[in-house]
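>>> 3D, please:
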Amino acid sequence: MRRRRPSGLLAILIAGTIYTYWGYVKYVLAAIILLFVARSVIKLVRKFRTVRRDLHLRDIDTMSGIDFEYYIAQLLIGLGCDNVLLTEKYDYGVDIVAEKDGIRWGVQVKRHSGLVKAAAVRQVVTGLRLYGCDRAMVITNSTFSNVAQRLAAGNDCVLIDRTRLDALIQLKRKDI
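Next up, the predicted model:
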């Protein structure tokens, strides 16, 4: 004869205990969830505030797009920008909003292996009003197509390509 396992009885006991102590259980669950959320926020803040002073362009070329955004935000802070904010996931063409000398900049960040096309310029210029920005900028670890350069010139958009980005990194490195 097969021996019956008390799994049904165990489930009833656990359910009864949870029902009896639900007032305490919900607070414990809320505390656990809060700890996980707090841990995630702390990791995100540490990632954003971490200054990577020894980076070179070859290191940037292997970053993910979001890591590149964080790096550029940190670089802008280091170069004297105030109120530097990363926008939400669906950013409408503006990845970073930063202020410098009373001008509010909308910045599109493109970590790219090929030419950055006119779409990047078009996106940031279009998104300026949504974020209350005065000027547009596109920063890349690559180079811009001729059409992107012409579109940027016609819309007063500053382009920072690989060479200019390296110069900014070197400038920041000297300040440290």
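>>> For the closest residue to residue 64 other than its chain neighbours, which residues are in contact?
Closest residue to residue 64 apart from its sequence neighbours, by C-beta to C-beta, 6 or more residues apart in numbering: residue 111 at 7.6 Å. The C-beta positions use only the backbone N, C-alpha and C, and glycine is treated the same way. Neighbouring residues of residue 111 by C-beta atoms under 8 Å, 6 or more residues apart in numbering: 60, 61, 63, 64, 65, 68, 140, 141.
>>> Can you read off the pLDDT for residue 111?
pLDDT recorded at residue 111 is 92.
>>> sorry, back to before: mark which of the contacts of residue 111 are buried, thanks.
Listed as buried from those are 60, 63, 68, 140, 141; burial here means 16 or more other C-beta atoms under 10 Å.
>>> from these, which two are the most distant?
Using C-beta to C-beta, those span at most 12.3 Å, a distance reached by 63 and 140.
>>> Any figure for the gap between the residue nearest to residue 64 and residue 26?
Look at residue 111 and residue 26: by C-beta to C-beta, to the nearest Å, they are 44 Å apart.
>>> for residue 17, same thing?
14 Å.
>>> ditto for residue 107
From residue 107 to residue 26 the distance is 43 Å (C-beta to C-beta).
>>> Looking at the two, which one has more neighbours?
The neighbour comparison of residue 107 against residue 26 (other C-beta atoms under 10 Å) goes to residue 107, with 26 against 11.
>>> quick one, domains of the chain?
Per the record, the chain has its domains at 7-49, 57-175, by automatic domain parsing.
>>> Could you single out the most deeply buried of those domains?
Burial of the domains of the chain is given as mean neighbour count (mean count of other C-beta atoms under 10 Å); domain 57-175 ranks first at a mean of 17.
>>> I'd like the distance from that one to the chain centre, please.
12 Å (C-alpha atoms, centre = their mean, to the nearest Å).
>>> Give me the average confidence score over stretch 29-44.
Mean predicted confidence for stretch 29-44 is 77.
>>> Repeat that for stretch 66-82.
92.
>>> now the one helix or strand in the chain whose mean pLDDT sits lowest, how far from the chain's geometric center?
Sorted by mean pLDDT, DSSP states H and E, the helices and strands of the chain end with helix 22-49, the least confident at a mean of 72. Relative to its parent chain, helix 22-49 has a centroid offset of 21 Å by C-alpha atoms, centre = their mean.
>>> Repeat that for stretch 8-26.
Distance, centroid of stretch 8-26 to centroid of chain: 42 Å (C-alpha atoms, centre = their mean).
>>> List the contacts of the following helix or strand past the least confident helix or strand of the chain.
As assigned by DSSP states H and E, the chain's next helix or strand after helix 22-49 is helix 57-60. With C-beta under 8 Å, 6+ apart as the test, helix 57-60 has contacts from 52, 68, 71, 111, 141, 162, 165, 166, 169.
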